Structures are given as C-alpha cells and as structure tokens.
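A.B. asks: Could you work out the structure for the sequence below:
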Amino acid sequence: MTAAMDISITRAERSKLQDLNLDDLPFGKYFTDHMLEADYENGEWKNAEIKPYQPLLLSPSLAALHYGQSIFEGIKAYKDRQGNAAIFRPYDNFKRFNISAERMQMPAVPEELFMDGMRQLVALDQNWIPTKDDFSLYIRPFMFSSDELIGVRPSDTYKFMIILSPSGPYYAAPMRIYVEEKYVRAAPGGVGYAKAAGNYGSAMYATAEAKKKGYDQVLWMDAHEHKYVQECGTMNVFFIIGNTAITPGLEQGTILGGVTRLSVITLLNEMGVKVEERDLGIDEILAAYQSGEHMEVFGTGTAATISPIKELGYKDISMKFDLDKWKIAPVIKKTITDIREGRAADTHGWMYKI
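C.D. replies: Numbering: from 1, shown residues only. You can find the predicted model right below:
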C-alpha cells in the first residue's frame with residue numbers, strides 16, 4: 001500500500017447508534033455517525049477529512065446536477081465470530097472506481113485516499129457493523145463534479161466522499177424477472193461497464209413498467225437484437241444449465257464487471273462446475289427450460305450478494321424454477337457468506353482487515 005494520506009478526523013459528539021436497532025434494518029436507509037469528504041482542485045486532492053455525517057451545501061449550478069458526471073461503488077464490511085471487522089475485496093472496487101472515473105472524464109482517486117480513508121472511516125464506525133446473518137455495513141464511495149458552472153465539459157473540480165450504511169438483505173425473497181425486449185440498459189461503446197449514476201437513473205422506467213406486470217426486476221437484453229442476456233436489474237446474472245454455469249462476457253463493454261461475479265466464478269471453478277463467459281440467447285434458455293434440463297438462475301452483486309430468480313417472464317411464457325432442487329447456487333451463497341463472516345477460511349485473501 002502507498003503512504004497514508006493526511007486525513008483529519010472530527011468525531012461526532014453523540015452517536016446515533018444508541019437510537020437504532022441493528023436487528024431490524026432495511027437496505028440503505030440509515031447512515032453511521034461519520035463520513036469522509038475530499039476535494040479535487042487545481043489538479044490535486046486536498047481537504048481530506050472524516051467528520052460527522054451531515055448535509056452538503058451545494059450550488060444550484062453544480063455541474064453534476066446538470067450533466068451527470070457522477071460515479072459510485074458498493075462495498076461491504078463484516079465482523080467475524082471474534083468481532084474483528086474486515087472489508088470484502090475493496091481493492092477490486094478501488095480499481096473499478098477509477099475505470100469508471102476514466103470513462104466519465106473524472107480524475108483518478110489515489111489509493112491512499114480511497115483505501116486508507118475507507119479503512120479509517122470503517123474503523124471509526126465499526127460498532128455499526130451488524131452481526132446478524134445476511135446483514136452488513138454497506139460502504140458507498142462516490143465522486144461527482146463540483147464546478148459551479150453551466151457548460152457541457154468535464155468539470156475542473158470534484159468531490160469524493162464515502163458514507164456508511166448498516167443494512168439488511170437487498171432482496172429478501174426469490175425474484176420474479178421480466179425479460180425486457182423494448183428498453184435497453186447499455187450498448188457497445190456506451191458506459192455500461194462503468195458504475196455511472198446515470199446507468200441506474202435510466203433503468204428506472206423499464207423497472208417500473210415490469211413491476212406493474214407483477215415482476216420485481218428486468219432481465220436486460222442486448223441493444224441490437226434484444227436476444228442476448230446482459231444484466232438482471234442492477235446485478236450480473238448466472239444461468240446454470242445442467243452442470244455448466246453461463247454468464248455474459250465482458251468484451252463488449254456493456255456489462256459491469258462485478259466483484260461478486262468474479263468471486264462466484266472462482267468458487268464455481270473450485271466446485272468443479274464448468275464456467276462459460278459468453279453470449280447467452282433467450283432462445284437457448286427457453287429450449288433448456290422446455291427440455292427439462294436442471295436450471296438455476298441467480299443474480300450477483302455487492303448489495304444483493306446471491307439473489308435467486310424463481311421465475312422468468314418472456315413474452316407469454318412463464319419459466320418457473322424449483323429452488324428446492326437447486327444444488328449449486330445455495331452452496332455458492334453459503335460459501336461466500338461464510339468467508340465474509342469469518343466462518344470459513346479466507347484462502348483467497350478477499351477480506352481486508354481493519
């Protein structure tokens with residue numbers, strides 16, 4: 001690790017934790033006592049500080065509000081059985097954050113600010129980490145353009161922040177998913193591989209339309225033919241057909257390279273399950289379903305971890321999956337959860353100790 005950045009710390013006078021029940025937490029609603037904030041000005045990062053969580057004072061002409069230069073990451077911290085805090089694979093998120101920054105013409109955030117700032121912040125608020133199964137401390141680093149100027153160009157100034165949210169499961173139950181054939185999440189040459197805020201804003205209309213039909217999320221298809229699987233809502237997606245796990249490849253730049261996705265691929269290989277990263281057409285999925293092949297379908301993501309999909313709605317066809325017969329996804333979920341929560345050995349060095 002590079003040398004630590006000088007980050008000033010101002011502690012909150014009173015912790016909000018005493019007013020909160022960590023056993024009953026919706027996802028992303030409550031935030032810890034402190035936050036990290038830093039400014040990019042004149043080509044350098046400065047004013048790095050950890051201070052009490054508080055509102056921001058922003059100009060109506062703030063560039064991010066008008067032109068969407070805004071990126072973020074999602075990371076989780078856990079406690080093991082001895083009460084030691086650790087963060088799951090934060091270096092991978094750090095690298096992806098700067099890939100997003102480059103695509104959105106934003107400055108790179110240095111490792112000493114991103115990683116050491118996160119470590120100090122989580123250490124300060126580690127009492128907020130829930131210990132209940134499937135609960136965690138969600139870590140949200142983000143950056144946005146902060147020029148007070150209306151004009152379509154990259155900003156000269158930026159603000160980088162990290163906030164923390166103790167959270168329960170993102171999806172509490174297996175999902176019903178609608179195969180989206182009209183609206184598109186990303187196209188080759190676009191920003192699908194970046195964790196840009198606009199990717200999520202533009203997805204909300206199609207998701208709302210799917211919910212009107214009784215579904216929880218959409219399965220995004222390719223922009224050209226609406227034939228090949230892309231992502232599932234805000235998650236990467238895996239289809240296990242027989243004893244082969246298939247997930248869309250990243251070559252076209254339309255899919256976010258998920259850290260949980262990468263972890264699942266590693267664990268599948270260790271289980272002896274063949275993994276294919278390739279184009280997967282909806283016709284192939286439908287044929288496998290109709291032939292009676294064993295199928296498991298699930299989304300992966302930092303917020304959701306492993307989210308089972310119990311039904312796919314495609315045109316007038318409902319593909320329903322019997323989760324009780326699943327053999328692979330439950331093992332993957334248990335394994336990754338046990339590593340994160342300290343019940344299994346971290347043989348891959350995924351847990352970054354605080």
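
A.B. asks: I'd guess residue 65 is in a helix, am I close?
C.D. replies: Yes: the assignment for residue 65 (DSSP: H, G, I helix; E, B strand; the rest coil) places it in a helix.

A.B. asks: I'd like to know how far the nearest residue in space to it that is not next to it in sequence sits from residue 148.
C.D. replies: Among residues not flanking residue 65 along the chain, residue 58 sits closest, at 7.7 Å (CB to CB, 6 or more residues apart in numbering). The way it works is simple: take the backbone N, C-alpha and C, and place the C-beta from them, glycine included. Going from residue 58 to residue 148 by CB to CB, to the nearest Å gives 9 Å.

A.B. asks: what do you get for residue 46?
C.D. replies: 18 Å.

A.B. asks: Over to residue 29?
C.D. replies: Distance, residue 29 to residue 148, by CB to CB: 30 Å.

A.B. asks: swap in residue 95?
C.D. replies: Distance, residue 95 to residue 148, using CB to CB: 31 Å.

A.B. asks: and the closest residue to residue 16 other than its chain neighbours, what does it touch?
C.D. replies: Leaving out its chain neighbours, the residue that sits closest to residue 16 by CB to CB, 6+ apart is residue 33, at 5.9 Å. Counting by CB atoms under 8 Å, 6 or more residues apart in numbering, residue 33 makes contact with 11, 12, 15, 16, 17, 52, 53, 124, 125, 128.

A.B. asks: ok, the fourth one - how many residues close by?
C.D. replies: What that stands for is residue 16. 14 (other CB atoms under 10 Å).

A.B. asks: how much space between it and residue 122?
C.D. replies: Residue 16 sits at a distance of 16 Å from residue 122 (criterion: CB to CB).

A.B. asks: Nearest to residue 275 among the contacts of residue 33?
C.D. replies: Nearest to residue 275 out of the contacts of residue 33 is residue 128 (CB to CB; 35.8 Å).

A.B. asks: That closest one: what's it in contact with?
C.D. replies: 17, 22, 32, 33, 137, 164, 166.

A.B. asks: would you list the residues you listed in a markdown table and tack on secondary structure?
C.D. replies: Formatted as a markdown table, these follow (three-state DSSP):
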| residue | secondary structure |
| --- | --- |
| 17 | helix |
| 22 | coil |
| 32 | coil |
| 33 | coil |
| 137 | strand |
| 164 | strand |
| 166 | strand |
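
A.B. asks: Quick check: buried residues in stretch 67-81?
C.D. replies: Buried residues in stretch 67-81, counted by 16 or more other CB atoms under 10 Å: 67-80.

A.B. asks: would TSV of the residues you listed with secondary structure and distance to residue 113 be doable?
C.D. replies: Formatted as TSV, the buried residues of stretch 67-81 follow (DSSP: H, G, I helix; E, B strand; the rest coil; distance: CB to CB, whole Å):
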residue	secondary structure	distance to residue 113
67	helix	24
68	coil	23
69	coil	18
70	strand	18
71	strand	15
72	strand	15
73	coil	13
74	coil	18
75	strand	15
76	strand	20
77	strand	18
78	strand	23
79	strand	25
80	coil	27
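
A.B. asks: Out of the residues you listed, which one has the lowest pLDDT?
C.D. replies: Within the buried residues of stretch 67-81, residue 80 has the lowest pLDDT, namely 91.
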